[in-house]
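Visitor: Please find the sequence and the predicted model below.
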There are 2 protein chains.
Amino acid sequence: MGKWVYLFEEGNASMRDLLGGKGAGLAEMTNIGLPVPPGFTITTEVCNLYMKKGEKVIEELWPMVLENVRIVEEKTGKKFAAKSGLPLLFSVRSGAKFSMPGMMDTVLNIGLNDETVELFSKESSNPRLAYDSYRRLIQMFGDIVLDMGLQPFENELESLKAKKGIKYDVELSADDLKELIKRYFDIYKKFNKEFPQDPFIQLRMAIEAVFRSWNAPRAITYRRINNIPDDLGTAVNVVTMVFGNMGDDSATGVAFTRDPKKGDKGIFGEYLVNAQGEDVVAGIRTPKPIIELKKEMPAVYDELLKFCKILEEHYKDMQDIEFTIEKGKLYMLQVRTGKRTPGAAVKLAMDFLNEGLISEEEAILRVEPSQVDFLLHPRINVSSKLQSIAKGLGASPGAATGKVVFDADLAAKMSDEDVILVRPETVPDDIHGLAAAKGVLTARGGMTSHAAVVARGMGKPAVVGAESIKIDLKERLFTVNGETVKEFDVITIDGTSGNIFKGVAPLIMPELSEDLKNLLSLSDKLANIQVRANADTPEDAKRSYEFGAKGIGLCRTEHMFMAQDRLPAMQEMIVAETIEERKAALEKLLPMQREDFYGIFKEMKGYPVIIRLLDPPLHEFLPKREILKEEISQHEKNGEKDIAEKKKRLLRRAEALKESNPMMGFRGCRLGLVYPEINEMQVRAILEAAAKVMKEGDRVFPEIMVPLVGHINEIRFVREKLEEVAKEVILEQGIQIPYLFGTMIELPRAALRADEIAKYAKFFSFGTNDLTQMTFGFSRDDAESKFLPVYLERGILPVNPFQTLDRDGVGELMKIAVERGKKVNKDLEIGICGEHGGDPESIAFCYEIGLNYVSCSPFRVPVARLAAARATILAKRQYEADK
Amino acid sequence: MGKWVYLFEEGNASMRDLLGGKGAGLAEMTNIGLPVPPGFTITTEVCNLYMKKGEKVIEELWPMVLENVRIVEEKTGKKFAAKSGLPLLFSVRSGAKFSMPGMMDTVLNIGLNDETVELFSKESSNPRLAYDSYRRLIQMFGDIVLDMGLQPFENELESLKAKKGIKYDVELSADDLKELIKRYFDIYKKFNKEFPQDPFIQLRMAIEAVFRSWNAPRAITYRRINNIPDDLGTAVNVVTMVFGNMGDDSATGVAFTRDPKKGDKGIFGEYLVNAQGEDVVAGIRTPKPIIELKKEMPAVYDELLKFCKILEEHYKDMQDIEFTIEKGKLYMLQVRTGKRTPGAAVKLAMDFLNEGLISEEEAILRVEPSQVDFLLHPRINVSSKLQSIAKGLGASPGAATGKVVFDADLAAKMSDEDVILVRPETVPDDIHGLAAAKGVLTARGGMTSHAAVVARGMGKPAVVGAESIKIDLKERLFTVNGETVKEFDVITIDGTSGNIFKGVAPLIMPELSEDLKNLLSLSDKLANIQVRANADTPEDAKRSYEFGAKGIGLCRTEHMFMAQDRLPAMQEMIVAETIEERKAALEKLLPMQREDFYGIFKEMKGYPVIIRLLDPPLHEFLPKREILKEEISQHEKNGEKDIAEKKKRLLRRAEALKESNPMMGFRGCRLGLVYPEINEMQVRAILEAAAKVMKEGDRVFPEIMVPLVGHINEIRFVREKLEEVAKEVILEQGIQIPYLFGTMIELPRAALRADEIAKYAKFFSFGTNDLTQMTFGFSRDDAESKFLPVYLERGILPVNPFQTLDRDGVGELMKIAVERGKKVNKDLEIGICGEHGGDPESIAFCYEIGLNYVSCSPFRVPVARLAAARATILAKRQYEADK
């Protein structure tokens, strides 16, 4: 262990670990010549040692403290425990590496006792200030150092005020305060405690109390919640007291060096004349905006401006400062990086870059991806005081307000109005309603339920699995916690937090500011991993392109079949009993698919488009069996024999396709291997569309992806068959169409056998949703509604592995797949198209293991672009640090 | 390439690759001095070369053939293409490495032409034999060498016989045969072909034809079906003709050196006097049992006995031979290892061992595990000619006959009779019916359906997923392919093949012969991997112990809860809304579980017993929702309000517990983490039962297994909680109970993180059913009913990975888990309790990767014991070979 105590001039900003955030800031300011009241910092290491060895550490520490007190006395020309003159007083303040606001302790005015208070009173000519300072010390000391609690003191204060018939503390006269001090001492007696009259004992006990406060229950809880390690310890700052309440030439204030809300230039803050920090809290007077100081104390204001500029240039970031003016003299009491809104973060990063204060890399690191995400969705204005009536899973971010509507048809009909579609759960048949609604709310389902997936794809807010709302479709209302919401009542849903509100909540609409656009362009320049989008329609593709996606990483073809006009043909295909019937139905679907692909290719302007062959189990395209049964009996009653017969056929097929665990059932390439005609039609549609685009003179680059491959023979058999179709189409079209075949890696076995599979795949795309499901054995829907919340709450799992990639398990499989795949084919293109592709921490992992791109929903693309750049920069820095 | 042609005396038994099975056998017999007609073998390499290069290979070969013909002429003193004396004739016979019966070609009597036939007739004084031999040559040559087919010749033969008014070929006189030969030559003319009169050309063309026959379509198909590589090629044997049809001192026959059906000592076979091999097929006369030869030709018989003894001692195995007696002289024409029944295989292995002919290791290798399995189940006597009416999945081996019964209650009531329970699928409520029935047949479900699992556990035959049978529960019948089977009709099911028969099929009941018992004891002695059993009840445990299990590798506690008397308490536990309610229900279950464990411990007599904590999703213990709904409306109609209310509570809980993919849902340790009380009760029951056993002076060794662990925290949290319970019980009981905590490894993540998990687990048990499901992303039930059959049929997967461990994927995860687990804890006990634990190939893999034991259903234990020994021996041999 090194030095135990540092004078402010002995430390600097880089010593946060040792001196804490506050101590390091005070030291840095002292060293760059700003006026900081003299003082010193006891290191966090001493705190940790005290935790281990207790009292005797204080014994060892004490001579060092005395020596530093002596130096401060010299600097200030005042004496601690003075016998004459203005006495030197200290504040003792905790200060850990990370700010833990309100969690730890501070004791002010140390050094006052029955004698020095008289000196203070006399020398300051301000008896009221002197006695008020003294009674505050006695109170804080009792509360914090001697564990007597605040309440007994507050009680006496209130009783005295009541007796005097006054409302505010400041109305107490010096004599009142003397009376209060007497009463306070009586409290000490009741607790059988003594207030130490010796200033040195006060100081020693206060230091020890601050050490102890590191392990106070509330501090431990705060650290647990904020993931702050327990072994950091707190530093203790002993600072010469200055008083902003010494008259009208004194003041106290806080300021940001720029506007933390919008990021605009110019200092931003407020101050109170003749006041101390606490008085701001007491709320007697309204603080004045900082600009007023220019008029009231122009010289001080100019000095403050100058200091702010120095600090910004020094720290190269917007700072949050505390200051006190004592009799016209400005003191800096704290400096730290200022918190800011997401919008300000972007502006500040770009402004600092443009001002030449920071590098491009630094600008990228200044903005958190979550801040960009925040800017991309409508959000509820936090100043509104609406009460949430229920909470579900925030399945698709953003907020929406509209009239409650309980069925998709009605939602579609009311498309001129803002509606929120509310359903027990949604099914493919509801797609037109989802498309028309501003947002969707379901009572059942998890993060991968139909409503959640479709809403995310459309970038519409969705709250799903809100199990506390009871929907009564007959009465057309839902009830929740005693409240009733009827059809056409207005609600607001917040797909970020999962909250549901009655009525209209004021929304803030998103905008892609110039600064944000520039930041993202800069990200693209610096990122070594590309961002693509998951997009299923030409509209999605257009949006993806606009949001800056460099291709489509996943185009799911199934959603194309779920559109109302296509579902009948799809169902025909599914119930087909012969290959001829199936082919006839596929013939109807071919032109529709071709049209979709054509539109998507056009929008992507030559960027690669990965199209996944049909993946979901076929029963997802059929109506639910219960519904079919009801319909059949209805049709039979009505004598509609033909329709009944048709529906019976659907029912028989649905029964035959029923599965116990559809996630692991008859889906993915398994469909294509049993019914090759489906894939053949799809490949034909893709390549015919590509040919059309090329004939129009545009570029196109389709990549055809086989889903759910686990064995080399699956990709081999599928590909061999489809290459024939490709050759056929190329021959027919008379044009050389570029295309690749590749596969999803979404089964553990595919990852393990990636070397074999790479022989038949030109690209891999990690389907980390399924890979996570299989690796953990978690069905996402079931896990998130049944046990995952308990797991997260109790810390059994550190994070939800469906949100952030599990590096240890799923991640190892990915590493294995990359390694083995590239061993066989070093040019293998590898990406990720699971939802993790939009999660910044997961993007960092993807970059680390050498992926070429991440793909995420269009609305996540900007977030992913920033995250991609940050991952690149941070990995580079780590690499350089490791060298 | 080495030597192309080998005289018989130049080869030996080890040259099967080069000389084929037949050639190697003839060579070996020649060399040990048995009378083999002289001849030579053209190697398989020549055949392969011919396939590549064609005709010119024959050019190169020809001088070598001529040289060998010359040597044979010297040996026999006869001339090929003789101008005088008895002419030398050859048969040209194919002979590949592996026997391909009937698939490839043979041409007899080569060397006969218009001239030599006269010599033959004269010298043998047997014109009929001569002309018959000639016409056979012409016929075979036309069919096989010149591709004219057999039919034209058969037509002429039939027409001549009709003209003569005779029935059998042998009734044709020499003159008739001459007439037939003329007619045969006319056929050649019609085909515009010529029969080569030059014996050397005959020989040369016949050799080439045999080469070609290797690639005949039927041969290719046969090889594909039997997994014989295409590049082995066939050898060609040129053998001096001997004639068993030269009079009453001639004969032909086949024999086994011991009884191939029962394994008894003494030769076993049959022969025909004055006949050739073909005549046996023609079926004019019934062959005589070989013992008759003793009377008819005592000297030849003694010689044959002697030869058989020589061959057995030489080959050290029971042999299958062909012989011909030509005018009192015995010739050996073929020797090969004799096929045998499973029962004979066991007896022969033990007899050869006891006779000192083979080693213990060799005896073990003589019996296939599938042969032992065959002996352990009732089986349908193959001689019965019953026609299967339908086929399902053979889910639990063995055959059973009984009256069809369509519900479990009725089956239970009829327990005095033999019944087969037939259901669309079974549910836990049916358990009493399953227990009472001789076998079970379901129309739905796969290899892990309830019926399949329970039946395998009980060792009862089961056919599941027989989708072609349509069950009409109202009419109490099922129909299949036009047949109707009513309740109480008798059927037979074969749980090995999956076949279903109408009526009684004659069954052969299993028995554990002394030889088999001895073989298994020997297996235990030689095996380096232990065999345990999966057993859930004291009865299962008893059976396991009797079958030789060295412990219980998996005791599933859930089946204990499904018994009719326990289910209500279990359901009470599940619907409990407070922890107190849940604990009260668990209190009722505690004594029942304790009793179960007590019984199991007693039966296992101190061997380790691994008990798995509750694993399946809770909804499996509740009635189906549809059924509950019906019942509720019924109860409400009847005004039974209380019962309706109770069932409604069950229904609500069942709705809440509904899952999309229960396999990956709220089960395993997830239950125990959300409701720790359940596991606590179970651990208490286990240890209280153990204490009771110990207090009675018996030994006990419980191992407590936590299911479905995927993350270190799961096992850690569960174990920490349960260790407290264990300490409590030990304190209460005042006795030191030995026990271990361990975990299943059944999730890919558990395998990958085995090093972490091993910190909290004393043992691992691979749950390879689930591990296979997760690694492949196959839901077994869905896969086996939907796409797996197609996969296996088309060769997309080589084997069903649920039957035989997938070494490449699942196996790699297992290897990783073993390696990482042992790195942390070298004493980690590792086993397997998935169904693969009873599969011989999988057992071999488990041995190779260092598992300590395999565990399988009690009825598989004998099979596994043998497989364990074989795996040990084969791995040792491989290791020595690799050295």
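Guide: Sure, I can see it. Numbers count the residues shown, from 1 in each chain, chains lettered A, B, ... in the order given.

Visitor: Which secondary structure state does residue A:136 sit in?
Guide: Counting by DSSP: H, G, I helix; E, B strand; the rest coil, the backbone at residue A:136 sits in helix.

Visitor: show me the residues around it that make contact.
Guide: By Cβ atoms under 8 Å, 6 or more residues apart in numbering or on different chains, the contact list for residue A:136 reads A:108-109. To be clear about C-beta, it is placed using only N, CA and C from the backbone, and glycine gets the same treatment.

Visitor: For residue A:153, see how far away it is.
Guide: From residue A:136 across to residue A:153, the span is 10 Å (Cβ to Cβ, to the nearest Å).

Visitor: And residue A:42, by the same measure?
Guide: Applying Cβ to Cβ to residue A:42 and residue A:153 gives a distance of 27 Å.

Visitor: who's more crowded, those two?
Guide: Per other Cβ atoms under 10 Å in any protein chain shown, whichever of residue A:42 and residue A:153 has more neighbours is residue A:42, with 27 against 21.

Visitor: which residue sits closest to the more buried one in space, ignoring its chain neighbours?
Guide: Once flanking residues are discounted, residue A:42 sits nearest to residue A:236: 4.3 Å by Cβ to Cβ, 6 or more residues apart in numbering or on different chains.

Visitor: that's a helix at that neighbour, yeah?
Guide: No - counting by three-state DSSP, one finds residue A:236 to be strand, located in no helix.

Visitor: who does it bridge with?
Guide: With DSSP bridges applied, residue A:236 shows beta-bridge pairing to residue A:42, residue A:94.

Visitor: Quick check: it touching residue A:211?
Guide: Yes - using Cβ atoms under 8 Å, residue A:236 is in contact with residue A:211, at 6.9 Å.

Visitor: ok, residue A:800 to chain B distance?
Guide: 13 Å (Cβ to the nearest Cβ, to the nearest Å).

Visitor: in terms of contact, does that residue touch residue A:788 like I think?
Guide: Yes - if you go by Cβ under 8 Å, residue A:800 and residue A:788 touch, sitting 6.4 Å apart.

Visitor: more neighbours, the two?
Guide: Remark: of residue A:800 and residue A:788, residue A:788 carries more neighbours, 23 against 18, as counted by other Cβ under 10 Å.

Visitor: Just list the residues touching the more buried one, thanks.
Guide: Counting by Cβ under 8 Å, 6+ apart, the residues that residue A:788 touches are A:778, A:797, A:800.

Visitor: ok, residue A:770 - contacts?
Guide: A:663, A:708, A:744, A:746-747, A:834, B:777.

Visitor: Apply 7 Å and report the result again.
Guide: Applying Cβ atoms under 7 Å, 6 or more residues apart in numbering or on different chains, we find residue A:770 in contact with A:746, B:777.

Visitor: Check residue A:854 too.
Guide: Residue A:854 neighbours (Cβ under 7 Å, 6+ apart): A:529, A:531, A:831-832, A:837, A:843, A:846, A:864, A:868.

Visitor: again, but for residue A:757
Guide: Contacts of residue A:757 by Cβ under 7 Å, 6+ apart are A:709, A:712, A:715, A:743, A:750.

Visitor: Could I get the pLDDT score of it?
Guide: pLDDT recorded at residue A:757 is 98.

Visitor: Residue A:102 too?
Guide: Residue A:102 is assigned 67 on the pLDDT scale.

Visitor: what's the spacing between stretch A:194-213 and its chain's center?
Guide: Here the centre of stretch A:194-213 is set off from its chain's centre by 41 Å, with Cα atoms, centre = their mean, to the nearest Å.

Visitor: which outside residues touch that stretch?
Guide: A:42, A:47, A:50, A:58, A:62, A:80-81, A:90, A:92, A:94, A:104-105, A:107, A:110-111, A:113-114, A:138, A:141, A:144-145, A:185, A:188, A:219, A:234, A:236.

Visitor: related to what we said a few turns ago, so, if you compare the contacts of residue A:854, which one comes nearest to residue A:583?
Guide: Nearest to residue A:583 among these, counting by Cβ to Cβ, is residue A:831 at 33.3 Å.

Visitor: what about residue A:579, how many neighbours?
Guide: 11.

Visitor: swap in residue A:78?
Guide: Residue A:78 is flanked by 18 other residues according to other Cβ under 10 Å.

Visitor: got the contact list for it?
Guide: With contact taken as Cβ under 7 Å, 6+ apart, residue A:78 is in contact with A:85-88.

Visitor: at 10 Å instead, please
Guide: Residue A:78 sits next to A:38, A:72, A:85-89, A:111, A:123, A:240 when contact means Cβ atoms under 10 Å, 6 or more residues apart in numbering or on different chains.
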